[in-house]
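# give the three-dimensional model of this entry:
(chains A and B)
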Amino acid sequence: MATGGRRAGEAALGGNSRLSLLVDNEKILGFLMIAPAVAYVLALVGYPLVLAFIYSLSDMTVGSTHFNFVGLKNIKYIIQDPEFQTAVKNTLLFTFVSQLIVIVLAKILALLLVKDFKGKFFVRALILMPYVAPISLGVIGWLWMLDSIYSPINWLLQHTGLFGPDFWPMWLGKPDLAMTSIITVHVWRMLPLATVIILAGLCSIPQDIQDAALVDGAGYFRQLFQITIPMMLPIIMVAVLFGIVFTATDIIIILVLTRGGPYDSTQVLVSQAFYTGIDAGDLAQGAAIALFLFPLLLAVAIFMLRIARRAEVA
Amino acid sequence: MNTKTDLLKEIVKNITHYVVLGVFALFASLPFLWMLITTFKTDADLYNRANNPFFFNQAPTLAHIEHLFTETMFFQWLLNTAIVGISVVAITLALAIPAGYSLVRLGGRTGEKLGIVIFLTYLVAPTILFIPMSRVIAELGLQDSLWSLILVFPSFTIPFAIWLLMGFFKAIPQDLEEAAMIDGYSRLGAFIRMVIPISKSGILTVVIFSFTLVVQEYIYTLTFVTSASRYTVSVGVPTFLVHGDVYNWGALMGGCLIASLPIAIVYNFFVDRFIGGLTLGAVKG
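Predicted coordinates:
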């Protein structure tokens, strides 16, 4: 049967007119099958992306439909705006610190989970919970745990004697504590994804390489730093990149927990874009703020393309 | 003697392993555990700071669940989520299945590259697009309607679905289709009668992902919809139960729990396939 199919293909190349017609038809068929999906994505991703650039050069608001080209005025204004500068600083701090913690913890957790043990499926399911449950709802659980009056965390720390009787921190009410809380919740949210990516990478290291290292007398740490980590570097990079993208572009945690406050101490680029563009109705400025994330996404896209090419070669 | 200390070492190692994992598992599941406790506690118990918050100091109650379904729009939000979810899944399948097949079988090397480009549009996050998109939706007259969500959500489910399906279609031996075509089916016939039925598990994966992505979606819904009765559950609960007039932690936690658990359990079984897709096959999930 298989050779029959191949023979038919060869015949088509040989110039059999009936079969070459079929090949032509397949090209048309292929186009017809892909066209609707491509059109949909172009219309709803490509078109708004172009609009985002155009808006950022205009003075559009929700109220006025009139388009006025203002050049780089928005960008210039934004760059000088102290609120924007705070948002950029917060975005960098938030992304960098949370990713650093996530990668370290994810590596540890993946090494623990790679072994076989009783109840592994159940433990893994629990650890995946923050990622597989709808994020905005999980974060509400945190909102209640960090409540200024009824926080069970405070209760526990006070009753175990770790906090003094009068010490009752307002986790979301003080600038430094609010940022700490946001980072903690974000680590909670991103840890499962990073762990599962690294775990998949760990499982893909050929066993014979590890065995060979063992035979050669490599100790645990030597193996970790000279074999496991170098071999996993591309995979760790993938985990970090997705972490960065999902951290820099996600605002659910901030919108639910602090709404950017107190005093803009947890305001990040995206939440500022939302409050400026949608709540305050300044489409042009909101679009311009959001576009500052575009270079980041572009860099990640380029890196992913390189990974894809390498996977293709392998 | 030696074996005894080895055994002891082994036991200590095992205990540490479980303890450290236990700490991680607790950190991950704590908010959900807290939801579970809060949902069934009476208000008198909940709002008494002298009580141990981790125990039921009074008998558990179903009052919060009742409140959730009778006094809030929670059920409507679940219904909206289901309507949007099912519609988006249908659109996604209708467009992504033929597209994925076309890219793998009829597109050659260009098809492969185009596939990666389509996947990368998944990274052009809604974050950059929600502002211009709000305008597009307004021009189409779809603001504050579920149709806006049904129209826009496939823009992020389709790219990912195409990418996942390409992986599944690639794994089907070409001989099968060629055999069917020699038996008299056209390419389209072979695709419909042979390829789609064998790809059931791939299609199921796409259904699960598209649906979970819809349930998780937040920013588009928050931007397009303003009436409480048209929210999905992920946006309705934080917007109207947290920042609204009705402030009832028991009901709120119950709502989070009811909406989270089924999705979390189903998604759990598919998450490895998602990772395999996300890492572009650089890692086998």
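# right, and residue B:191 touches residue B:101 too?
Yes. Using CB atoms under 8 Å, residue B:191 makes contact with residue B:101 at a distance of 5.9 Å. For every residue, glycine as well, the C-beta is placed using N, CA and C.
# next, give phi and psi for the residue most central in space within chain A.
Nearest residue to the geometric centre of chain A (CA atoms, centre = their mean): residue A:246, 2.0 Å. Note on residue A:246: backbone dihedrals following degrees, to the nearest 10 are phi -70, psi -30.
# against residue A:184, how distant is the closest residue in space to it that isn't next to it in sequence?
Excluding the flanking residues, the one nearest residue A:246 by CB to CB, 6 or more residues apart in numbering or on different chains is residue A:190, at 6.5 Å. According to CB to CB, to the nearest Å, residue A:190 stands 11 Å off from residue A:184.
# who has more neighbours out of those two?
The neighbour comparison of residue A:190 against residue A:184 (other CB atoms under 10 Å in any protein chain shown) goes to residue A:190, with 26 against 17.
# whichever strand or helix holds the more buried one: what's the following helix or strand?
Residue A:190 belongs to helix A:175-203 when assigned by DSSP states H and E. On the C-terminal side of helix A:175-203, the closest following helix or strand by DSSP H and E is helix A:207-215.
# can you name the element that comes right after that next one?
helix A:220-223.
# and that following helix, C-alpha only, in PDB?
In PDB, the C-alpha atoms belonging to helix A:220-223 read as follows (Å, rounded to 0.1, in the frame of the first residue of the first chain):
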ATOM      1  CA  TYR A 220      26.300  14.800  43.300                       C
ATOM      2  CA  PHE A 221      27.300  18.400  43.000                       C
ATOM      3  CA  ARG A 222      29.800  17.800  40.200                       C
ATOM      4  CA  GLN A 223      27.100  16.000  38.300                       C
END
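# max-length helix in chain B?
Counting residues, the longest helix found in chain B (DSSP state H) is helix B:2-39.
# chain A now?
Using DSSP H, we find that the single longest helix of chain A is helix A:82-113.
# tell me if that one is near chain B.
Yes. Residues of helix A:82-113 contacting chain B under CB under 8 Å from any CB of the partner chain: A:105, A:108, A:109, A:112, A:113.
# circling back: looking at residue B:191 and residue B:101, which is more packed in?
Taking neighbours as other CB under 10 Å, residue B:191 and residue B:101 compare with residue B:101 leading, 28 against 24.
# hang on, the more buried one packs against residue B:194?
No. Using CB under 8 Å, residue B:101 is not in contact with residue B:194, being 11.0 Å away.
# what helices and strands are in contact with whichever strand or helix holds residue B:155?
If you go by DSSP H and E, residue B:155 is part of helix B:154-171. For helix B:154-171, the packing partners by 3 or more CB pairs under 8 Å, 6 or more residues apart in numbering or on different chains; DSSP states H and E come out as helix A:17-41, helix B:74-101, helix B:108-120, helix B:200-216, helix B:271-278.
# go with 10 Å
Judged by 3 or more CB pairs under 10 Å, 6 or more residues apart in numbering or on different chains; DSSP states H and E, helix B:154-171 is in contact with helix A:17-41, helix B:74-101, helix B:108-120, helix B:126-139, helix B:196-198, helix B:200-216, helix B:271-278.
# any chance of these in a markdown table, plus distance to residue A:235 and mean pLDDT?
Output for the helices and strands packed on helix B:154-171, formatted as a markdown table (distance: least, CB to CB, whole Å; pLDDT from 0 to 100):
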| stretch | distance to residue A:235 | mean pLDDT |
| --- | --- | --- |
| helix A:17-41 | 28 | 76 |
| helix B:74-101 | 25 | 95 |
| helix B:108-120 | 18 | 82 |
| helix B:126-139 | 25 | 88 |
| helix B:196-198 | 30 | 88 |
| helix B:200-216 | 21 | 90 |
| helix B:271-278 | 10 | 78 |
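# which one, of those, ends up nearest to residue A:304?
Evaluated over these, closeness to residue A:304 peaks at helix B:108-120, with 6.5 Å, by CB to CB.
# in terms of helices and strands, where is residue B:53?
Assigned by DSSP H and E, residue B:53 falls within no helix or strand.
# count the residues that sit near it.
A count of neighbours around residue B:53, defined by other CB under 10 Å, yields 22.
# residue ranges in the chain under the pLDDT threshold?
Since no chain was named, I'll use chain A. For chain A, the stretches flagged by pLDDT under 70 are A:1-24, A:65, A:311-314.
# wrong one, chain B
Along chain B, segments meeting pLDDT under 70 span B:1-2, B:243-247, B:280-285.
# give me that answer again for 50
Low-confidence segments of chain B, defined by pLDDT under 50: B:284-285.
# for the residue nearest the centre of it, which non-adjacent residue is closest in space?
The centroid of chain B falls nearest to residue B:212 when counting by CA atoms, centre = their mean (1.9 Å). Leaving aside its chain neighbours, residue B:212 sits nearest to residue B:267 (5.1 Å; criterion: CB to CB, 6+ apart).
# surely that neighbour is within a helix?
Yes. Residue B:267 sits within a helix when classified using DSSP: H, G, I helix; E, B strand; the rest coil.
# what are the buried residues along the longest helix of chain A?
For helix A:82-113, the neighbour count (16 or more other CB atoms under 10 Å in any protein chain shown) marks A:84, A:86-88, A:90-91, A:94-95, A:97-99, A:101-103, A:105-107, A:109-110, A:112-113 as buried.
# that older thread, just give me the neighbour total for the residue nearest to residue B:212.
22.
# settle this for me: it is touching residue B:207, isn't it.
No. With contact defined as CB atoms under 10 Å, residue B:267 does not reach residue B:207; the gap is 11.7 Å.
# now for residue A:190 and residue A:184: what residues contact both?
Residues touching both residue A:190 and residue A:184 (CB atoms under 10 Å, 6 or more residues apart in numbering or on different chains): A:98, A:101.
# the helix or strand harbouring residue B:223 close to chain A?
Assessed by DSSP H and E, residue B:223 sits inside helix B:219-224. Yes. Helix B:219-224 reaches chain A (CB under 10 Å from any CB of the partner chain) through B:219, B:221, B:222, B:223, B:224.
# and of those, the nearest to chain A?
residue B:223 (5.5 Å; CB to the nearest CB).
# what residues are up against that closest one?
A:274, A:277-279, B:126, B:129-131, B:133-134, B:137, B:143, B:148, B:152, B:235.
# before we move on, what about residue A:62?
Contacts of residue A:62 by CB under 10 Å, 6+ apart are A:277, A:278, A:279, A:280, A:281, A:282, A:283, A:286, B:131, B:134, B:135, B:138.
# tell me how many other residues crowd the last one.
By that I understand residue B:138. Neighbour tally, residue B:138, other CB under 10 Å: 15.
# wouldn't it be in contact with residue B:148 here?
Yes. Here residue B:138 lies in contact with residue B:148, judged by CB under 10 Å, at a distance of 9.3 Å.
# number of residues surrounding residue 137?
Chain wasn't specified; assuming chain A. Residue A:137 has 30 neighbours, counted by other CB under 10 Å.
# should've been chain B
With other CB under 10 Å as criterion, residue B:137 counts 24.
# check contacts around it.
Contacts of residue B:137 by CB under 10 Å, 6+ apart are A:48, B:130, B:143-145, B:147-149, B:151-152, B:220, B:223-225.
# next: residue B:166.
B:96, B:99-105, B:107, B:111-112, B:115-116, B:118-119, B:202, B:277, B:281.
# how close does it sit to residue B:222?
With CB to CB as the criterion, residue B:166 and residue B:222 are 32 Å apart.
# same check on residue A:203?
Counting by CB to CB - residue A:203 and residue B:222 are separated by 38 Å.
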